[in-house]
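Asks: Below: sequence and its predicted model.
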Amino acid sequence: MLFNSLIFTVFLPIVFILYWITPPKYRNYFLLLASYYFYYSYDPWFLLLLIGTSGVDYLLARMISSTESKKRKKLFLVLSLASNLGVLFIFKYFVFFYNSSNHIFHFPSSILHQFIIPAGLSFYTFQSLSYTIDVYRGKYKADDKFSDFLLFVSFFPHMVAGPIVRYNDLMPQLKIITYFKNINWSSFATLVIWGYFKKLVIADNLNLIVTPVFNDVTAFSSLELLLAGFLFVIQVYCDFSGYSDIATGVAKLFNINLTLNWRRPFFSRSLHEFWKRNHISITNWFRDYLYIGLGGSRVSYKRWLLNIFLVFVISGFWHGANFTFVIWGTLHGLFYILEILLMKKFPNVKVPAFLGRLYLLGFHTITLIAFRANDVTDLNYIYKHIFSISNWSCSLSTLLNYQDRLYFFILFLAISILFLKELNEEYAIINKYKNAYTFLKPMVYIGFVVLLFILGNFSANTFIYFQF
């Protein structure tokens, strides 16, 4: 079930009404059933996988808590890691390694193709895994009800594409009784409206031109390929952050506050700042459970740099079984380390904000082309035409022929609205004037709703990060 599907517009009001008329002590049970139905609508068989992995982690966490033996604790943790990472490997990476082995060792042609990846597999396994790791580290005692833990993993607004919520952020909220009168209707409305605007008006309309370019890279000029890369930067941000906004807004209908996942990353002035603003929940997950697990900064200087590099490479591969994702992660790791070395060498040099943002946006565009390219062959072609003077072409004729001029005007208008809104949030321009802000805010969001129905793409396109 997609947030932008017709069935969700029926599902959500029914769940909302039934939740609030259900006696408080049974609400979590109802919300768990609703979350399972939400996931069941994708594929009934994958619901069994979700329940199975959650149940195994709950059992192993209880066993970790109940024993004093460090060896047994470590054994149960390893079993949790093996079960979760094993599921990820089977569905996301087995075919990749199988076909790569065939190619390397010249075995007969593969008869296997990519398995269907369960929606949100990486997100809910990471959230469940974080619980067992925290229990092993002694942060929490595994004394929660089984049903509460299942709901913690599968709460439907964030289950499929995040944000990845930590135990201490979500579980306490599931254990308290809240009241209908406490619903923050203003936050619900603004988050959901803006999330749908980013998804339907910006991301899905950009998809109409980004996808054709990346599916036929040889048909486009160097400038068109670079422009498509820049437009994909905006598309993936609006698509993913739009999902997070909708998820956070919907959760407020049940008085649940999800963690912040985006903080205007395009205003970053360095890669270091970018990863403090972009996809915050997954960045923090890799920091706390992979980077620290590798030793963090409590190692030699060279090993510390290696730990950083490995985290970026692994996080790239986490996105999918394709060398293009590894290239994306590797580039980010190298430039992140380069920034560290430059800051150490020139500690007093301050890069102007404009130049820093220009560097970040340019680097993000170039590397996200690797993220979006269908394969290494396409990526090699794109990079050759972007970086080679002899291959450079400034023509936009092919791109402009894909859509009429009204389409490009709509894109320009939508992207301008995105920029102005985020500029206001970054610098609180209108917010400083209380009377003007109080008057303009509802008018602006009413305008968003109008534009949503006029310019929105209601084709029920899936969210980009569902494949991860």
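Replies: Done, it's in.
Asks: okay, CA-based contacts and neighbour counts for the rest of this
Replies: Fine.
Asks: Quick one: mean pLDDT for stretch 209-220?
Replies: Here stretch 209-220 scores 92 as its mean pLDDT.
Asks: Now do the buried residues in stretch 9-26.
Replies: Along stretch 9-26, these residues count as buried under the neighbour rule (16 or more other CA atoms under 10 Å): Leu12, Val15, Tyr19.
Asks: and whichever strand or helix holds Phe11, how far out from the chain's middle?
Replies: Here Phe11, judged by DSSP states H and E, is contained in helix 6-21. What separates the centre of helix 6-21 from the centre of its chain is 25 Å, taken as CA atoms, centre = their mean, to the nearest Å.
Asks: what's the answer for stretch 360-378, then?
Replies: Taking CA atoms, centre = their mean, the mean C-alpha location of stretch 360-378 is offset from the chain mean by 17 Å.
Asks: again, but for stretch 27-42
Replies: Between the mean C-alpha location of stretch 27-42 and the chain-wide mean there is a distance of 22 Å, by CA atoms, centre = their mean.
Asks: any idea of the pLDDT on Thr438?
Replies: pLDDT for Thr438: 84.
Asks: The one 4 residues further on now?
Replies: Here, the pLDDT recorded for Pro442 equals 90.
Asks: now it, what's its secondary structure?
Replies: When the structure is split into helix, strand and coil by DSSP: H, G, I helix; E, B strand; the rest coil, Pro442 lands in helix.
Asks: Counting neighbours, what do you get for it?
Replies: Other residues lying near Pro442 total 13 when counted by other CA atoms under 10 Å.
Asks: next helix or strand past the lowest-mean-pLDDT helix or strand in the chain?
Replies: Least confident helix or strand, the chain: helix 94-105 with a mean of 61, by mean pLDDT, DSSP states H and E. Toward the C-terminal end, the helix or strand that comes next after helix 94-105 (DSSP H and E) is helix 121-136.
Asks: And the contacts of that following helix?
Replies: Helix 121-136 is contacted from outside by 50, 53-54, 57-58, 60-61, 64-65, 73-74, 77, 80-81, 84, 88, 140-142, 153-154, 159-162, 164-167, 285, 289, 318, 468, using CA atoms under 8 Å, 6 or more residues apart in numbering.
Asks: and these, which of them are in helices?
Replies: Secondary structure assignment (DSSP state H) places 50, 53-54, 57-58, 60-61, 64-65, 73-74, 77, 80-81, 84, 88, 153-154, 159, 167, 285, 318 from the contacts of helix 121-136 within helices.
Asks: Quick check: PyMOL command selecting the buried ones in the residues you listed.
Replies: Only the buried members of these end up in this PyMOL selection, burial being decided by 16+ other CA under 10 Å:
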select buried, resi 50+53+54+57+58+60+61+64+65+73+77+80+81+84+88+153+154+159+167+285+318
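Asks: Show me the domain layout of this protein.
Replies: The chain breaks down into these structural domains: 6-177, 185-269+351-467 (assignment by automatic domain parsing).
Asks: Now tell me which of these the model trusts least on average.
Replies: In terms of mean pLDDT, the lowest-scoring of these is domain 6-177 (a mean of 85).
Asks: What is the end-to-end distance of that one?
Replies: For domain 6-177, the first and last residues are 31 Å from each other (CA to CA, to the nearest Å).
Asks: how far out from the middle of the chain is that domain?
Replies: Average the C-alpha atoms of domain 6-177, do the same for its chain, and the two points are 16 Å apart (CA atoms, centre = their mean).
Asks: Repeat that for stretch 282-300.
Replies: Using CA atoms, centre = their mean, the mean C-alpha position of stretch 282-300 is found 19 Å from that of the whole chain.
Asks: after the helix holding Phe11 comes which helix or strand?
Replies: Stepping forward along the backbone from helix 6-21, the first helix or strand reached (DSSP H and E) is helix 27-40.
Asks: Can you dump the C-alpha atoms of that following helix in PDB for me?
Replies: The C-alpha atoms that make up helix 27-40 are tabulated as PDB, following Å, rounded to 0.1, in the frame of the first residue of the first chain:
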ATOM      1  CA  ARG A  27      -5.100   0.100  20.900                       C
ATOM      2  CA  ASN A  28      -1.600  -1.200  20.400                       C
ATOM      3  CA  TYR A  29      -3.000  -4.600  19.400                       C
ATOM      4  CA  PHE A  30      -5.300  -2.900  16.800                       C
ATOM      5  CA  LEU A  31      -2.500  -0.700  15.500                       C
ATOM      6  CA  LEU A  32      -0.300  -3.800  15.100                       C
ATOM      7  CA  LEU A  33      -3.000  -5.500  13.100                       C
ATOM      8  CA  ALA A  34      -3.500  -2.400  11.000                       C
ATOM      9  CA  SER A  35       0.300  -2.200  10.400                       C
ATOM     10  CA  TYR A  36       0.400  -5.800   9.400                       C
ATOM     11  CA  TYR A  37      -2.500  -5.300   7.000                       C
ATOM     12  CA  PHE A  38      -0.700  -2.300   5.500                       C
ATOM     13  CA  TYR A  39       2.400  -4.500   4.800                       C
ATOM     14  CA  TYR A  40       0.200  -7.500   3.800                       C
END
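Asks: contacts for it?
Replies: Outside of helix 27-40, the residues within contact range by CA under 8 Å, 6+ apart are 1, 15, 19-20, 22, 46-47, 147-148, 150-151, 154-156, 174.
Asks: residue contacts, Leu225?
Replies: Residues touching Leu225, when contacts are defined by CA under 8 Å, 6+ apart, comprise Val213, Val217, Ile382, Ile386.
Asks: Nearest to Asp239 among the residues you listed?
Replies: Of all the contacts of Leu225, the one sitting nearest Asp239 is Val213; the distance, using CA to CA, is 18.2 Å.
Asks: Remind me which helix or strand the closest one belongs to.
Replies: helix 204-215.
Asks: Show the subsequent helix or strand relative to that helix.
Replies: In the C-terminal direction, the helix or strand that comes right after helix 204-215 (DSSP H and E) is helix 222-251.
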